[in-house]
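>>> Kindly return the folded structure for what I paste below:
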Amino acid sequence: MESSWTSSPVRIGGALALLACAAFAVRLFLVLRFSPFLNDVEPYFNLRVAEYIADHGYLAFLDWFDDRSWFPLGRHVASTSHAGAPVTAALATSVLRAIGFTVSVESVCIFLAPAFAAASIVAIYALASEVKGPRAGLFAAFFLALAPGYAARTIAGNFLGESVGVPTALAAMACWLRAARSGAIVTSIATGFFAAFTAFSWGGYTFLFNVLPLHVLALAAAGLADAAVHRAYTIAYITAAILVTQVPLVAARSPYAAEHLLSFAVFALAQARAIQARVAPGSTWLVAAAAPAVVLAVAMRATTAGGFAAWISTLTGGAIRSSLSEQQPTAWASFYLDLQLLMLLVPAGLYFCLRVPSKATIFAVVLGLASLYSASTAIRNMLQFTLAACVLAAVAMSRLLTTYFPSSDSARDQSRRKDKDRQPYQHEIAVTVLGVLSLFLALYAYHSVWAISQAYSAPTLFLHASQASGGSVTFDDFREAYEWLRTNTADDAKVLSWWDYGYHIARLANRTTVIDNNYVNTTHVARVGQIFASDEAHAYPMLLDLGVDYILVVFGGKVGYGSDDVNKFIWMLRAAASGPDGSHFKEEDYYSRLGEFQVGRHGAPALHASLLYKLCYQGFGTVFTEHGKPPGYDRVREEEIGSKQFPLDTVVEVYTSLHWLVRIYRVLPAHNRGLSRAY
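Prediction:
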């Protein structure tokens with residue numbers, strides 16, 4: 001039984017409204033500290049898509065072939081991206097303009113993530129309420145409003161697919177639990193609708209599409225898979241399967257995608273079990289016969305058309321995907337930074353859910369264990385575990401408060417009042433427990449606000465650092481370089497860079513890119529890696545084949561910026577080796593005799609001769625970077641570069657930013673080779 005406070009809709013609504021406002025407010029540090037702008041890289045691609053939809057409409061978007069990216073191949077945008085967030089932003093812009101607000105698409109995109117984070121508060125309240133009642137729902141809403149692991153993806157300026165995908169995923173889970181409990185058709189259809197919209201918005205939909213069938217299997221193992229579960233899953237699966245055919249990215253691979261095979265297999269087994277219950281009640285022969293057939297069919301389908309192989313490659317990576325920092329295994333420190341108090345409450349929540357198993361509590365356990373495994377494989381999957389941790393921690397907090405502060409009308413409370421004389425310190429213990437829990441919640445709030453403000457509200461489009469004197473310094477080299485490209489190059493100029501900067505160049509510089517952050521074509525990425533890893537003589541023909549006009553590299557050796565292209569060179573080399581004609585790129589050839597990656601005099605000759613080395617260190621040998629160090633001292637690699645004087649015969653330097661963070665070179669046409677001093 002819940003207390004009278006949590007049974008009042010008005011009070012619950014007021015509490016959720018306050019938590020929604022808090023969730024929105026704590027995500028504004030970045031734009032308040034600097035100015036409203038889109039941060040990171042992917043938001044700029046989503047902005048381009050949102051602007052295109054706002055100007056041309058959704059039907060035109062479905063046919064949009066972007067010839068400004070992946071030159072000379074181009075890219076069909078609708079079938080290679082999740083468009084939920086851009087469509088939502090374009091729709092919100094149209095609505096705001098219709099009611100009299102003069103807003104740009106970019107302004108809506110900047111604040112869309114905090115707005116939908118506020119909506120997530122209501123969605124997770126509904127989910128946790130299905131698991132353990134309104135009290136748990138309020139705790140889950142409180143935890144999620146401040147959780148750093150969720151705020152990291154939804155701060156103002158982070159216009160990502162997760163912005164829209166997370167609220168719809170939570171809504172799908174909440175509807176699923178209600179449908180599994182009652183078998184209602186409406187909530188079953190709502191489950192499929194929200195699941196399909198999650199697939200439209202966010203690549204993390206695959207997690208949702210596998211958690212639901214895992215829950216059905218767990219219910220079957222626990223003997224709780226009744227007719228309501230069968231009806232709910234059947235309707236939800238059919239609804240989602242029909243709707244995802246309208247999602248271009250998912251529809252293109254839906255029948256063959258390995259991430260959809262589990263949901264299909266469970267659907268098939270559920271139908272076999274239902275038929276067997278009607279044909280031969282009490283017998284299991286049909287299910288026993290269907291199970292191996294379904295497993296065999298799934299295995300055959302998976303081993304053709306790249307099924308499991310493609311799925312496993314997404315888990316193990318590959319040179320390109322593995323180069324992403326967010327694809328690295330999660331460190332324990334990240335768990336604490338993103339969860340803090342929740343780490344202590346999750347085990348307790350699992351215990352309380354398993355202690356009294358039900359359809360909803362088993363779902364919470366499945367969600368928690370599956371997301372924990374997912375989070376351990378890659379940092380970016382901490383988002384899923386954060387959602388599960390909020391629910392499990394809320395269950396633990398609700399159960400602890402129920403133990404020490406039972407509702408006045410519960411039978412347990414009446415029994416405890418009768419035994420009060422035998423437990424004279426019951427009230428004192430309860431007050432002490434309440435004080436300790438309140439302290440923990442206050443520390444969680446303090447830690448979360450600090451983490452969001454300091455760790456997750458740092459700009460990436462420009463560098464901002466504090467000085468020992470107490471002041472701050474800003475390096476705005478990236479935006480200055482993109483502006484130089486926009487104003488000093490031809491409209492049809494083709495710019496080659498490593499894929500990290502493709503979305504920025506396409507939107508901020510409005511220039512055609514060779515590769516970008518979508519890595520839709522790994523062969524093309526491998527070719528760019530081969531260009532950077534080759535010496536100038538071998539790289540030049542490949543540059544001409546791709547029609548490259550300019551090369552952009554990022555170099556942090558002067559100011560100490562560690563995320564530069566020199567530190568990414570090993571990943572470029574691995575990508576080069578994975579492509580066609582790349583077998584001769586041996587990683588060990590670019591290491592020193594000690595097996596280390598060194599740019600100094602002990603560095604490998606192959607590294608010193610590579611095009612990337614020359615583009616980054618051109619003219620750097622005479623630059624003093626640190627007091628007491630020789631010229632050409634690299635502050636990131638912490639050594640003096642080994643090769644300081646080298647000619648460039650096929651490219652010419654045309655721009656170097658103030659702090660040397662961005663360097664741009666023009667590729668000379670074949671008849672101008674050797675004129676490296678001419679602009």
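>>> After the biggest helix by length in the chain, which helix or strand is next?
Looking across the chain with DSSP state H, the single longest helix is helix 105-132. For helix 105-132, the succeeding helix or strand toward the C-terminus, using DSSP states H and E, is helix 134-146.
>>> Quick one: distance of that following helix to the chain centre.
In this view, helix 134-146 has its centroid 23 Å away from the chain centroid, taken as C-alpha atoms, centre = their mean, to the nearest Å.
>>> do the same with stretch 652-671
Using C-alpha atoms, centre = their mean, the offset of stretch 652-671 from its chain centre is 33 Å.
>>> who's in contact with that stretch?
For stretch 652-671, contacts defined as C-beta atoms under 8 Å, 6 or more residues apart in numbering pick out 463, 475, 477-478, 480-481, 484-485, 488, 540, 543-544, 548-559, 561, 564, 615-616, 618-620, 623, 648, 650-651, 675-679. (Each C-beta comes from the backbone N, C-alpha and C, glycine too.)
>>> which residues of the protein fall in strands?
65-66, 75-76, 463-466, 472-475, 494-496, 512-513, 550-554, 633-634, 639-640, 651-656, 662-667 (DSSP state E).
>>> in the longest helix of the chain, what counts as buried?
Buried residues in helix 105-132, counted by 16 or more other C-beta atoms under 10 Å: 105-106, 108-132.
>>> Direction-wise, compare that helix with helix 134-146 and give the angle.
Interaxial angle, helix 105-132 versus helix 134-146 (axes from the mean of the first three to the mean of the last three C-alpha atoms, to 10 degrees): 150 degrees.
>>> Just the buried residues of stretch 31-46, please?
Neighbour-count burial for stretch 31-46 flags 31, 34, 37-46 (criterion: 16+ other C-beta under 10 Å).
>>> go on, stretch 435-455?
Buried residues in stretch 435-455 (16+ other C-beta under 10 Å): 441, 444-445, 447-449, 451-453.
>>> Let me know the average pLDDT across it.
Averaging pLDDT along stretch 435-455 gives 93.
>>> what do you get for stretch 507-517?
Average pLDDT, stretch 507-517: 93.
>>> distance between the ends of that stretch?
By C-alpha to C-alpha, to the nearest Å, the extent of stretch 507-517 from end to end equals 13 Å.
>>> again, but for stretch 645-656
First-to-last distance for stretch 645-656 - C-alpha to C-alpha - comes to 18 Å.
>>> For the longest helix of the chain, what is the distance to the chain centroid?
Taking C-alpha atoms, centre = their mean, one finds the center of helix 105-132 at 16 Å from the center of the full chain.
>>> picking up where we left off before, so which of the buried residues of stretch 435-455 sit within helices?
In helices, defined here by DSSP H, the members of these are 441, 444-445, 447-449.
>>> of those residues, closest to N518?
Among these, S448 lies closest to N518 (C-beta to C-beta), at 32.3 Å.
>>> And the residue nearest the centre of this structure?
What sits nearest the mean C-alpha location of the chain, by C-alpha atoms, centre = their mean, is R380, with 5.0 Å.
>>> so how far is L144 from the residue nearest to that one when sequence neighbours are not counted?
Leaving out its chain neighbours, the residue that sits closest to R380 by C-beta to C-beta, 6 or more residues apart in numbering is E326, at 3.9 Å. From E326 over to L144 the distance is 21 Å, taken as C-beta to C-beta, to the nearest Å.
>>> who's more crowded, those two?
Neighbour count, other C-beta atoms under 10 Å: between E326 and L144, L144 has more, with 30 against 10.
>>> thinking the more buried one is in contact with V26, fair?
No. Between L144 and V26 there is no contact under C-beta atoms under 8 Å: 11.5 Å.
>>> Which among the strands of the chain is found nearest to Q384?
With C-beta to C-beta, the closest approach to Q384 among those belongs to strand 75-76: 28.0 Å.
>>> other SSEs contacting that closest one?
On a contact count with 3 or more C-beta pairs under 8 Å, 6 or more residues apart in numbering; DSSP states H and E, strand 75-76 meets strand 65-66.
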